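Trainee: Output the structure for:
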Amino acid sequence: MNYEPNDYYQNGQNDPRQPSQGSSAQYYWDGNTYRAVYQNVRQSAPYTEPKKKKKGGKIALFVLIGVLCCALVSGGTLAGFLALVENGAIALPNSASSVEPAYTITKLISSETSKKAEDTAERLTETQIAEKVLPSIVLIENYQISSGYGYSSGELTPAGEGSGIIASSDGYIITNAHVVAGASALKVVTYGGERYEATLIGSDAVTDVALVKIEAENLPAAEFGSSSDLKVGEKVLTAGNPGGSEFNFSITVGYVSALNRTVTNSETGYSMDCIQTDAAVNPGNSGGALVNEYGQVVGIVSSKIVSVNFEGLGFAIPIDDAQGIVSNLKAYGYVKDRAALGVSGQYIDEVTARFYGLTQGWYVYSVTNPSLAAAGIQKGDVLTEIDGREITSSATLAKYLLQKKPGDTVTLKVARGSASFEADVELAQVRNEG
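Mentor: As a prediction, this is how the structure comes out:
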């Protein structure tokens, strides 16, 4: 029998190395163990690791990509996955974008002088940080039309709650895409208790960043600091709504545990380098703020790892990385000038490749870019290099394409069976996601 790596095991029944369909659990092999990924759930479901020949197998980590409280079906994230299937590997917009920044970042460490601004900047106490930041945090309520058994009642019912950060005094609010996913209506509750109807300006499920707007003036906008100034061991706080309205406007205190920690969203296939912290992150904190000792927002809280063997593994999207995304959402409602390779597929590691008799790299399911099709790239090929850089993970293509724009030419090394060839191809334009 011939096998193709084109289906995930669902809840342990099929192949744990590929994406599931219709299942809340997704399993993949990271080279050491099978991992289960859950979206938007309070607790991870039981999972029994497949038996191994060697003793002492590791317990799977349950990576909670979305920590929005309640079991909210993430329609926005699914849309991001479908966009990947249609458009291929995706990259963030080039940092040199001419779009006006949606918010200003204040750097404490200047590359133009040896004197550090942080030497003279005033570090705040935890109480002072809470007093400064919490008024800039909001509670976001997601309402959806209730349905079931093939019918829709037409009534709006609460589907989930999350957090948001006031980016400007005129009502622009940053949050996570999974917080607003599938919403028929959005409401925002401020720190002072005012309630507003909110409009979704744009949502980028690929990077899990969204922007909403309320009609209000003189709101207390957050101060943003540069995430590039952070160092491992620095004290940070989270500000948000763990449990939604139940424990709204709370802070937790911890430290920067690691920087540039790659976290992969299994539904979109996109990876981001995140800030890891041991400050408590709970369902409802999604879209809230990670704050430095100066009361500056340096990250957007987005995810955590849930496992009986691990505690204190929370992640935040660096605010420097989010700036271009938010600015594009504000200007266009979607991320403009995003380059796509134009193939849908899945990264297969060495173990998976050996099992299927393939080569390690990006396995091609389909080709949507005419330039790749003209170069002879087809379903079943494996992309092993891009411009001489070996494709060693699902994030390799996206990280490299970060530097590129639609129309740029890249050289791909392609494996087909025991043979290989190189192809010069032109990058495509990702379609309007707005």
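Trainee: can we go C-alpha only for contacts and neighbour counts from here?
Mentor: Fine.
Trainee: quick one, what contacts P101?
Mentor: For P101, the contact set (C-alpha atoms under 8 Å, 6 or more residues apart in numbering) comprises 323-324, 327.
Trainee: By neighbours, which of the residues you listed wins?
Mentor: Most neighbours among these, by other C-alpha atoms under 10 Å: G324, with 24 neighbours.
Trainee: quick one: that one is in a helix?
Mentor: Yes. With DSSP: H, G, I helix; E, B strand; the rest coil as the criterion, G324 is part of a helix.
Trainee: if I look at it, how far off is A183?
Mentor: 24 Å (C-alpha to C-alpha, to the nearest Å).
Trainee: Same question for G312.
Mentor: G312 sits 30 Å away from A183, going by C-alpha to C-alpha.
Trainee: between these two, who's got more neighbours?
Mentor: Per other C-alpha under 10 Å, whichever of G312 and A183 has more neighbours is A183, with 23 against 16.
Trainee: That one contacts Q144, doesn't it?
Mentor: Yes. Applying C-alpha atoms under 8 Å, one finds A183 in contact with Q144, separated by 5.2 Å.
Trainee: Can you give me every residue that contacts P135?
Mentor: Contact analysis of P135 by C-alpha under 8 Å, 6+ apart lists 190-192, 220.
Trainee: who does the strand or helix carrying Y365 touch, helix- and strand-wise?
Mentor: For Y365, the host element (DSSP states H and E) is strand 361-367. In terms of contacts (3 or more C-alpha pairs under 8 Å, 6 or more residues apart in numbering; DSSP states H and E), strand 361-367 is packed against strand 343-348, strand 382-386.
Trainee: All the helices of the stretch 51-200 of the chain, residue numbers only.
Mentor: Under the criterion DSSP state H, counting those that start in this stretch, the stretch 51-200 of the chain carries helices at the ranges 75-87, 126-133, 177-180.
Trainee: weakest of the ones you listed by average pLDDT?
Mentor: Among these, helix 75-87 carries the lowest mean pLDDT, at a mean of 34.
Trainee: Now tell me which helix or strand of the chain has the poorest mean pLDDT.
Mentor: Between all helices and strands in the chain, the lowest mean by mean pLDDT, DSSP states H and E belongs to helix 75-87, at a mean of 34.
Trainee: looking at the helices and strands packed on strand 361-367, which is buried most?
Mentor: Ranked by average neighbour count under the criterion mean count of other C-alpha atoms under 10 Å, the helices and strands packed on strand 361-367 are headed by strand 343-348 at a mean of 25.
Trainee: Can you lay out the contacts of P101 as CSV showing distance to S393?
Mentor: Compiled in CSV, those are given as follows (distance: C-alpha to C-alpha, whole Å):
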residue, distance to S393
Q323, 25
G324, 24
S327, 28
